[in-house]
Every structure is written in C-alpha cells, then in structure tokens.
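Asks: This is a predicted model, with the sequence first.
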Amino acid sequence: MKIYLSPSTAGRYGGSLNRSLRNFDRFIQSQLDNLGFKSSFDELWLTLSYPPMYVLPGVIGIEIEHKKYYITFPYSRLNRRYKKIDITLKAPEFSEHFDKAEQTIYQHQFDIESQYKNIQEAELAQILVDKFLEAGEIINSKLKKNDVFDYDLFRRILLNIKHSINPYFLESISSKQSIQEENNRVKRAIELREKRKNSNLPKDKLLKDLRIYYVDLPKKALYPYDYQYTEIFLNLLIKKNFKCPQYNHLYVQVAKTLNDALMNSINIEDWYVYGLATIDFDNYLKQTEKEKENIVVQTIIDGLRDIAIIDDLDISIMNKIFSEVRLKGLDTELEYRTLENTYYKLKITYYSRSMEEQCPIYFNLTEKATNKTKRVQVGKADNSQINLWLQKINLTNKLIKVKSSDSIRAGVYLDDKPKEMVFEIAELLK
C-alpha cells in the first residue's frame, strides 16, 4: 500500500514535511513494506489539516470557510472500487511546522493556540506517528468481510517507530532516505532516457521553445549568456523547421554533476524533454567574459546534442547551427519576419541581447525593381517583447504599418513602447 501524506490549510494544499522530518513518511512507508504489512487497498491518502498562520493575497477570508470544514474532521472514505483510502485529520500541532517560516512575508497573519507553539521536531514526529495510528483505527473500524488491512501489524510497526524517535534518529533516517530518494530519482531518469531511445516516435512536432535550467547554482549564474544564446539557438532551429517526436519544448538541465542533472530531468508531461549538460562552475567563475560566453555556448550545445542522440533527431541540422553560432557568436543576425509584395521585400531582423541592453531591431527593405536595400534600426525590445510589439505588420506600396498586440499581456509587458508605428517607404529608401 502506497502512502501519500499531504498538508492542507486555508487556500493551500500539498507539499512535504520539512527539515529532519522531510523523509519521515517515506521511512514509515519503508518499514511497512519491509516488515510484511498487507492491505487490499493500494493507496492511503492521509491529509493533515491545520489552522493557517497566514493566507495568500487574493483569498482573504478563506480561513473562515476552511474553519467550517476543519471542525467536521476527521473525514474518511474507503473506496473499494479504486482500492483507495482517503483520510483527513485535524493536525493543529503542524501549523508552525508548515507556516511559521513564511508567515512574516504575508500581510494577513493569524496566531495559533499556545499549546501548539514551539513543538520540537522529535515530539512532532511522535505526533505524526499518532496521526497514522488514528488513521489506522478509523480504517480498522470500517473494514468489511473481504477487506484486508493488517491493523495489528500496522499498529506494532508504528509503535516501534514511535519508541525509537529522538533527534539523532530523525537526522539519521532523513539522511538515509535522502540518499535512497536520490538513487531512485537517478534510476528513474535513466529508465526514462532508455525508454526514449527505444520509442522510435515520428518526428512531427515543430519546435516552439528552448530554455536552460540549472541545479545548485546561484540565481543568474550563467546570465546573460544563457539568456542570449537560448534565443539564438531557438530562432535558428525554428527557421530550419526543426521537428521533434511528441514534444515541442527543449529544456537543457545544467548541473555540476551528471547525477544532479539526472535527478532534475524527470518530466511529468510529454510536451517537453530534458537534455543534460554539466559545468565546472568553480572554474567558470575564474574565466574571462569571453571564455564564460564560450563555455555557456558549449553547455547549451551539449544539452541539445544529448536530446538529439537519445531521440534520434536531425543532428545534421543541429551541427550546422552549432557551427554558425560558434563562428558568429552574438553577431548572429536573427530573422523575425519577412513580408513582400509586388514592389518591395521587408525582412525584419534582430540581435539577441541581455534584458538590460535589449535587442536592436532592424527593417531591411529591398526595392525589387532596382534590388536596392536599405537597413534601418526601428527600436529595441527584449526578446520576450518582440512578438507582442511587432505583432501586426502591413506592407503597402507606400507605407509600412506596425501595430502591437492589444492583449492585456501586451499592455503590461510593452511599457512605454509605441502601440502603432508608420514608416514611409520613400523615406526609408533615401
């Protein structure tokens, strides 16, 4: 029987235990599994409902609604069709454990009863065991003839755990469970990669997005180069109509070790996939800015190549793009859109830059009769703004008319950029 433990309070649900209790429920699970506990139910969902010490903005007053339900607990349901047990218990002892650290961040705060304050983690662990025992009693009282739930063994195992609890015991099992969890995540990630290798799915999804994530590195550790070059690689791959199987989002997971990258590469949806790359971050910090730039480029290449090898993507397209980016770097000119009519061809291009510098955007206007081309910078924008700002473009025989998106998102993100622009072709070609 798989155990799922979740906290619940006003407007918030889910999460895990903290600090030395973080893996305590997994330890209980392992003891039940190893010591032969049997049940005809596959899942036990145990919810700890506690009074909130704060509520999130936008849901003020929800604590009143929560209290109406809270006073009705315990709740229990044994679903024999789906072999699932749901139990919700009052757990006021856990308010500080889940809420105290973040309480001061929020405006709407609440106090709790003094008897539930300053509970030490060893005592809290014993209380958690008591919650499991309470759940066991409820289940035992509702069993029917054909149900299997070895309550006596369940109770003995939990009491043995309770008698063993002390601070050292908690730290020890937390450490062991963390190692086991890491090993399981690495194993799972490797299994998923092997499954991808053997899937042979048709490559029929056009690429939409490319991002880079890192594990155990400082915020913006690889900025601005990761930001600049993911835009470059994404633009070039899209222009080549690069196709993927099932997914259309590529995520490069960067870490100091392969195991760290693997542990953070387990996707729960099929519309994105991870490629892995490692970095010697201590060495990275010692490099010149140009050397850092080159390291980030190679890191992204490593992640993309990892995806291509596993999923048998068109590596020839990638290799050509890799060579172009290595040669041109941040001078790689990116195409946003091309329009033409009988007389003119307009190619809109830009260069990827940092959020602070923003991308310079150019109109490259060609008169077809004379093959005369003029290039004019029309402004700057962050790469996330370009499509919103230059969303509607109309090329006539005399004018280029540009309108931005009229969406709420555009209103927020475009700041003070003009919502409409009109350019006279005769002036541009002078």
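Replies: Arrived safely. Numbering: from 1, shown residues only.
Asks: okay, CA-based contacts and neighbour counts for the rest of this
Replies: OK.
Asks: so where do the strands sit in the stretch 51-200 of the chain?
Replies: If DSSP state E, counting those that start in this stretch is used as the criterion, the strands of the stretch 51-200 of the chain fall at 75-79, 84-90.
Asks: so can I have TSV of those showing mean pLDDT and distance to L217?
Replies: Listed next are those as TSV, based on pLDDT from 0 to 100; distance: least, Cα to Cα, whole Å:
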stretch	mean pLDDT	distance to L217
strand 75-79	95	43
strand 84-90	96	38
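Asks: quick check: domain ranges of the chain?
Replies: 2-165, 209-326, 332-428 (automatic domain parsing).
Asks: which residues in the stretch 251-400 of the chain form strands?
Replies: 272-278, 333-340, 344-351, 359-367, 372-381, 392-395, 399-403.
Asks: most neighbours per residue, which of these?
Replies: Here the criterion is mean neighbour count by mean count of other Cα atoms under 10 Å, and of these the winner is strand 272-278, at a mean of 23.
Asks: Quick one: distance of it to the chain centre.
Replies: Here strand 272-278 is found 13 Å from its chain centre; the criterion is Cα atoms, centre = their mean, to the nearest Å.
Asks: tell me what that strand is packed against?
Replies: With contacts taken as 3 or more Cα pairs under 8 Å, 6 or more residues apart in numbering; DSSP states H and E, strand 272-278 sits against strand 249-255, helix 258-263, helix 289-311.
Asks: Any idea which of the ones you listed gets closest to S20?
Replies: helix 258-263 (20.8 Å; Cα to Cα).
Asks: Which residues does stretch 386-403 contact?
Replies: 339-341, 343-344, 346, 404-405, 410, 414, 417, 419-426 (Cα atoms under 8 Å, 6 or more residues apart in numbering).
Asks: For it, what does the pLDDT average out to?
Replies: Per-residue pLDDT over stretch 386-403 has a mean of 94.
Asks: now it: how far from the chain's centre is it?
Replies: 35 Å.
Asks: Mind listing what's buried along the lowest-mean-pLDDT helix or strand in the chain?
Replies: Using mean pLDDT, DSSP states H and E, helix 408-413 stands out as the lowest-scoring helix or strand of the chain, at a mean of 85. Neighbour counts using 16 or more other Cα atoms under 10 Å place 410-411 of helix 408-413 among the buried residues.
Asks: Determine the set of other helices and strands touching the helix or strand following that helix.
Replies: The helix or strand immediately downstream of helix 408-413 is strand 420-424, counting by DSSP states H and E. On a contact count with 3+ Cα pairs under 8 Å, 6+ apart, strand 420-424 meets strand 399-403.
Asks: Report the angle between the strand it packs on and strand 344-351.
Replies: Strand 399-403 runs at 40 degrees relative to strand 344-351, counting by axes from the mean of the first three to the mean of the last three Cα atoms, to 10 degrees.
Asks: Within the sheet, what are the partner strands of strand 399-403, with directions?
Replies: Using DSSP bridges, strand 399-403 pairs in its sheet with strand 392-395 (antiparallel), strand 420-424 (antiparallel).
Asks: Any chance of JSON lines for those, columns distance to Y350?
Replies: Below are the strands paired with strand 399-403 laid out as JSON lines (distance: least, Cα to Cα, whole Å):
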{"stretch": "strand 392-395", "distance to Y350": "16"}
{"stretch": "strand 420-424", "distance to Y350": "17"}
